[in-house]
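# Quick one: sequence and predicted model below, then my questions.
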Amino acid sequence: MVKDYKGVRALDEVSFTVEPGSVTGFLGPNGAGKTTALRILVGLSRPTSGTATIFGRPYRELEAPGWHVGTLLDANAQHPGRTGREILTLGAMMLGLPRSRVDEVLELVGLTDREARRTFRGYSLGMRQRLGIAHALLARPRVLVLDEPANGLDPQGIHWLRGLLRQLADTGCAVLLSSHLLAEVERIADRVVVIGGGRVLAEGTLDELGRGRDLEQVFLELTAKADRRAA
Amino acid sequence: MSDVTVHGAARAAGETAGENTAPKPVPFHRLLLVEARKMADTRSAMVMLGLLAAMTVVSIAARGVDAGPQLGRLTTTAGIGYGTLLPAIAILAVTGDWTHRSALTTFTLEPRRGRVLVARCLPPLLATVAASLFALAVAAPVTAVTAALQGVPAEWDLDATRMLGWTATNVLLIAMALAFAMLLLHPAAAIATYFVVGTLWNLVGNVSELGREIARWVDLGTAVGPLAAAELTWMDAARLATAVLCSVALPMAIGAVRALRAEVR
């Protein structure tokens, strides 16, 4: 897809595919267009040209998108005065899920009942990420779109996230997560898509891209090349 | 070709069984319930609603002491709170999702944004009707108590058209607050505009006869006067209609078009 902002090309022919049963890491330096691409994917922004489809259809044309796709775009984007439980309750109401599902996802992400009763204002970034992931998992979706979910998680949190996403992928979920934290993506994802300057620089499994080198080396080489091209 | 594709496995058989019902688009009544709930699910929202209720009771009681036991007059005294706090509550109901950016969540769960916007504007309007009835419910016992305390006969007669006109006025003014909120998407800016616009039109009306005539046709605050007094002539109705068009429909339409098209950030 292509996305222009007032004559500036933010995304230039970005194309990639995410398959079920895999965790795909979406990598790129700050400002590369990761968030823009994810926003287009879930229908919050329209591409200038091209398409973004899930199950073969644009997000906005899915029958009940909230049921099929779990999304976390910004863990901080909630009303600070609402409790964690209330935020999840609103989501469950929208989706027509029973309140018991709220307790289930709270347990799944390791937020205690006490924490869930506190207001969002007092949540650490790690707790906000867990809450956002709980929200994304409410309807047991088959597709997960997560923007920087590992941001602010402590080492235990990252370990937990990796286990959770692995488990979801193993049951057939398609997981797409963006990050600029390479070490984490290397440990969580099976495949990576690297973008820089609005273009896809590389796509493939970690082995295909790395050929023995670590992801950081590969990433720095790719983005340096892209910068030289732009200059 | 430039496409981003996510292939998902079809939901495994039996997985949607159990407590989950089959996935369907979000029905409108659910959006309405969620948006209504959002008006009262934080401490600050509860404080505002509590203040409004307290203000209503206090202002009606004070008017009872001052003006004597007249049911109709005491009821409309609640307009003091409904003209100040209620617009602020209505504006916050519209802007909250944008200022706190929870619109990201709302519009991924329901991409049909127009339905969300309608569901968001209805609860404040319904709350205004409820508030008008609440004022009557408070004024009735205050009338009885005041009559007993002052030892004078209570005036129970209530002019139905007057009450309807008053309620409709309250609803229209809240609709204007909602329209400004939709247009500006910023709570402080919308609240300030709501109150400043009224003052400005007063000023315009005082400056010249022409200004007063324009205000009668364009400014809702001026045009609702005859409706509130239940003395609406056909001319007044025409003025009211154009004022609703200018002060409610126009800003709301501009705000809605923008909200439908905007990239949600």
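Received, thanks.
# Now do the helices in the stretch 1-150 of chain B.
With DSSP state H, counting those that start in this stretch as the criterion, the stretch 1-150 of chain B has helices at B:28-38, B:43-67, B:71-77, B:79-82, B:85-99, B:103-109, B:113-150.
# for those helices, which one sits closest to chain A?
Across these, chain A has its closest neighbour in helix B:103-109 (4.0 Å, CB to the nearest CB). The C-beta positions use only the backbone N, C-alpha and C, and glycine is treated the same way.
# The closest one close to chain A?
Yes: against chain A, helix B:103-109 shows contacts by CB under 8 Å from any CB of the partner chain at B:103, B:104, B:105, B:106, B:107, B:108, B:109.
# Just to check, residue B:123 is in contact with residue B:34?
No: the criterion here is CB atoms under 8 Å, and residue B:123 misses it with residue B:34 at 9.8 Å.
# ok, residue 172 - how many residues close by?
No chain in the question, so chain A it is. 16 (other CB atoms under 10 Å in any protein chain shown).
# switch to chain B, that's the one I care about
Counted by other CB under 10 Å, the residues lying close to residue B:172 total 22.
# do residue A:79 as well
The burial count for residue A:79: 23, using other CB under 10 Å.
# and if you look at residue A:51?
14.
# go on, residue A:81?
The burial count for residue A:81: 17, using other CB under 10 Å.
# now swap in the one 3 residues further on and tell me
The number of residues packed around residue A:84, counting by other CB under 10 Å, is 26.
# what's the spacing between the closest residue to it other than its chain neighbours and chain B?
Among residues not flanking residue A:84 along the chain, residue A:116 sits closest, at 4.5 Å (CB to CB, 6 or more residues apart in numbering or on different chains). For residue A:116, the distance to chain B equals 14 Å [CB to the nearest CB, to the nearest Å].
# who touches residue A:162 in this structure?
A:187, A:188 (CB atoms under 8 Å, 6 or more residues apart in numbering or on different chains).
# what residues are up against residue 60?
As the question left the chain open, I've gone with chain A. A:43, B:111, B:112.
# was after chain B, sorry
B:74, B:75, B:77, B:78, B:135, B:138, B:139, B:142.
# Give me the neighbour count for the fourth one.
The tally of other residues near residue B:78 (other CB under 10 Å) stands at 26.
# The residue nearest to it when sequence neighbours are not counted and residue B:82, how far apart?
Counting by CB to CB, 6+ apart, the nearest residue to residue B:78 once its immediate chain neighbours are dropped is residue B:135, at 3.4 Å. Applying CB to CB, to the nearest Å, the value for residue B:135 to residue B:82 is 8 Å.
# again with residue B:120
Residue B:120 is 20 Å from residue B:82, by CB to CB.
# swap in residue A:165?
51 Å.
# can you check residue A:103 too?
Distance from residue A:103 to residue B:82, by CB to CB: 39 Å.
# Same drill for those two, tell me which one is more crowded.
residue B:82 (27 against 14).
# so the more buried one touches residue B:172, yeah?
No: counting by CB under 8 Å, residue B:82 does not reach residue B:172; the two are 11.7 Å apart.
# which residue ranges form the strands in chain A?
A:3-5, A:8-11, A:16-18, A:22-27, A:51-54, A:57-58, A:69-72, A:143-147, A:174-179, A:191-196, A:199-205 (DSSP state E).
# Turn those into a markdown table, including mean pLDDT and distance to residue B:182.
What follows is the strands of chain A, written out as a markdown table (pLDDT from 0 to 100; distance: least, CB to CB, whole Å):
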| stretch | mean pLDDT | distance to residue B:182 |
| --- | --- | --- |
| strand A:3-5 | 84 | 24 |
| strand A:8-11 | 86 | 28 |
| strand A:16-18 | 90 | 36 |
| strand A:22-27 | 94 | 34 |
| strand A:51-54 | 92 | 28 |
| strand A:57-58 | 94 | 26 |
| strand A:69-72 | 97 | 25 |
| strand A:143-147 | 96 | 28 |
| strand A:174-179 | 94 | 32 |
| strand A:191-196 | 90 | 36 |
| strand A:199-205 | 88 | 38 |
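# how about JSON lines for those, with distance to residue A:223 added?
JSON lines is the format used below for the strands of chain A (distance: least, CB to CB, whole Å):
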{"stretch": "strand A:3-5", "distance to residue A:223": "20"}
{"stretch": "strand A:8-11", "distance to residue A:223": "16"}
{"stretch": "strand A:16-18", "distance to residue A:223": "17"}
{"stretch": "strand A:22-27", "distance to residue A:223": "9"}
{"stretch": "strand A:51-54", "distance to residue A:223": "23"}
{"stretch": "strand A:57-58", "distance to residue A:223": "30"}
{"stretch": "strand A:69-72", "distance to residue A:223": "25"}
{"stretch": "strand A:143-147", "distance to residue A:223": "19"}
{"stretch": "strand A:174-179", "distance to residue A:223": "14"}
{"stretch": "strand A:191-196", "distance to residue A:223": "5"}
{"stretch": "strand A:199-205", "distance to residue A:223": "7"}
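# And these: which comes nearest residue B:156?
strand A:69-72 (57.2 Å; CB to CB).
# What helix or strand is the residue nearest the centre of chain B located in?
Nearest to the geometric centre of chain B sits residue B:174, at 3.4 Å (CA atoms, centre = their mean). Residue B:174 belongs to helix B:160-184 when assigned by DSSP states H and E.
# That helix - contacts with which helices or strands?
Applying 3 or more CB pairs under 8 Å, 6 or more residues apart in numbering or on different chains; DSSP states H and E, one finds that helix B:160-184 contacts helix B:71-77, helix B:79-82, helix B:85-99, helix B:113-150, helix B:187-207, helix B:220-223, helix B:225-228, helix B:250-261.
# What residues sit buried inside the longest one?
Right, the one you point to is helix B:113-150. By 16 or more other CB atoms under 10 Å in any protein chain shown, the buried positions in helix B:113-150 come out as B:113, B:115-117, B:119-125, B:127-128, B:131-132, B:134-136, B:138-140, B:142-143, B:146-147.
# And stretch B:136-154, how far out from the chain middle?
29 Å (CA atoms, centre = their mean, to the nearest Å).
# where in chain B is pLDDT low?
Low-confidence segments of chain B, defined by pLDDT under 70: B:1-2, B:8-22.
# Who are the contact partners of residue 111?
Just so you know, I chose chain A. A:84, A:127, A:130, A:131, A:134 are the contacts of residue A:111 under CB under 8 Å, 6+ apart.
# look at chain B instead
Counted by CB under 8 Å, 6+ apart, residue B:111 has contacts A:43, A:59, A:60, A:65.
# can you tell me how far it sits from residue A:67?
12 Å.
# Return the residues in contact with the residue sitting nearest the centre point of chain A.
Compute the mean C-alpha point of chain A, and by CA atoms, centre = their mean the closest residue is residue A:146, 1.5 Å away. For residue A:146, the contact set (CB under 8 Å, 6+ apart) comprises A:71, A:72, A:133, A:136, A:175, A:176, A:177, A:178.
# likewise residue B:211?
B:204, B:205.
# Check what pLDDT the residue lying closest to residue A:101 once chain neighbours are set aside gets.
Leaving out its chain neighbours, the residue that sits closest to residue A:101 by CB to CB, 6+ apart is residue A:92, at 5.5 Å. In this model, residue A:92 is scored at 97, pLDDT.
# try residue A:134
At residue A:134, pLDDT is 98.
# my guess is it meets residue A:104, correct?
No: Residue A:134 is beyond contact range of residue A:104, at 9.1 Å (criterion: CB under 8 Å).
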